[in-house]
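A.B. asks: Predicted model and sequence below, questions to follow.
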Amino acid sequence: MSTLIYCKNALSATPYYIEETSLNVYSLEELSYFILNNVYLLSSKFMNPELCNWIGRELKQTKLASELLGLVQSSAPLHIFVGHILGANGYASNKEIKDTLAIISTFENKSEAERKKMRADRLISNNKLVDAIYEYETLLADDIAKTMPKIVEGDVYHNLGVAFSRLFFFDEAIKCFDEAYKRNQKNKVFIVCYMRPDAQKTR
């Protein structure tokens, strides 16, 4: 990690490997940092006995590990599982925990493709346009794109066009809008207003 994280709890000699980002974490604080900054990458796969056992064995948090394992075995909602982790070490503020759990509750029953779209949409709303473009293009190139309904795939192309237009890449934007219309047949008003980045709305 490039960010310095103060850890007041135990550090593990053996890291826990997070496959989604190819990341090793060594503490509850680092795990919390990952959750807060990669919330849309989380899925039910994050709730697994290996993580629970690592927390108990390597971080000596046996009570927390037992609680988490119980949640896994009872198939508890993902936001409950994550809430236990974030609330156990004091790294995240109450507001950060509340906001994160609220986000998780909106997508925990959605598909991987839908979660990735939501992540990219959020990047656009935060004006991180280059990152959003990367996320949309990665999603469209992934095999999971084949699982998306055509109308959703069209919305992804539309939002990609919005990101390009706000960066004044109008040729790329119009191609995306055309691809969007081929898939969802939504109103072609975006063709008229794409020259006005401030007027563009994501879908």
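C.D. replies: Now that the structure is in, tell me what you want to look at.

A.B. asks: helices and strands around the helix or strand residue 157 falls within, which ones?
C.D. replies: For residue 157, the host element (DSSP states H and E) is helix 150-166. For helix 150-166, the elements it packs on are helix 112-125, helix 129-141, helix 170-184, judged by 3 or more CB pairs under 8 Å, 6 or more residues apart in numbering; DSSP states H and E. Any C-beta I mention is one placed from the backbone N, CA and C, and that applies to glycine too.

A.B. asks: buried set for that helix?
C.D. replies: 152-166 (16 or more other CB atoms under 10 Å).

A.B. asks: Report the rounded mean pLDDT for that helix.
C.D. replies: Averaging pLDDT along helix 150-166 gives 91.

A.B. asks: what angle sits between it and helix 112-125?
C.D. replies: Interaxial angle, helix 150-166 versus helix 112-125 (axes from the mean of the first three to the mean of the last three CA atoms, to 10 degrees): 20 degrees.

A.B. asks: Compare the helices and strands packed on helix 150-166 and give me the one nearest residue 16.
C.D. replies: Among these, the nearest to residue 16 by CB to CB is helix 112-125 (21.3 Å).

A.B. asks: Pull the residues that contact the closest one.
C.D. replies: With contact meaning CB atoms under 8 Å, 6 or more residues apart in numbering, helix 112-125 is reached by 40-41, 43, 106-107, 110, 129, 131-132, 135-136, 138-139, 142, 144-145, 147-148, 152, 155-156, 159, 162-163, 202.

A.B. asks: and with 6 Å instead?
C.D. replies: Contact partners of helix 112-125, identified using CB atoms under 6 Å, 6 or more residues apart in numbering, comprise 40, 107, 131-132, 135-136, 139, 144, 147-148, 156, 163, 202.

A.B. asks: So what's the residue count around the nearest residue to residue 103 once chain neighbours are set aside?
C.D. replies: Distance criterion CB to CB, 6 or more residues apart in numbering; nearest residue to residue 103, sequence neighbours excluded, is residue 39 at 5.3 Å. The local packing of residue 39 (other CB atoms under 10 Å) involves 19 other residues.

A.B. asks: Likewise for the one 4 residues further on?
C.D. replies: By the measure other CB under 10 Å, the count of residues near residue 43 is 16.

A.B. asks: who touches it in this structure?
C.D. replies: No residues are in contact with residue 43 under the rule CB under 6 Å, 6+ apart.

A.B. asks: swap in residue 11?
C.D. replies: Residue 11 touches 26, 27, counting by CB under 6 Å, 6+ apart.

A.B. asks: Regarding it, what is its secondary structure?
C.D. replies: Counting by DSSP: H, G, I helix; E, B strand; the rest coil, the backbone at residue 11 sits in coil.

A.B. asks: so what's it scoring on pLDDT?
C.D. replies: 74.

A.B. asks: Which residue ranges make up each domain of this protein?
C.D. replies: The chain breaks down by automatic domain parsing into domains covering 16-107, 112-199.

A.B. asks: Please pull out the lowest mean pLDDT helix or strand from the chain.
C.D. replies: Every helix and strand in the chain was compared by mean pLDDT, DSSP states H and E; the lowest is helix 189-193, with a mean of 48.

A.B. asks: Nearest to the spatial middle of this protein, which residue is it?
C.D. replies: By CA atoms, centre = their mean, the chain has its centre lying nearest to residue 40, at 1.5 Å.
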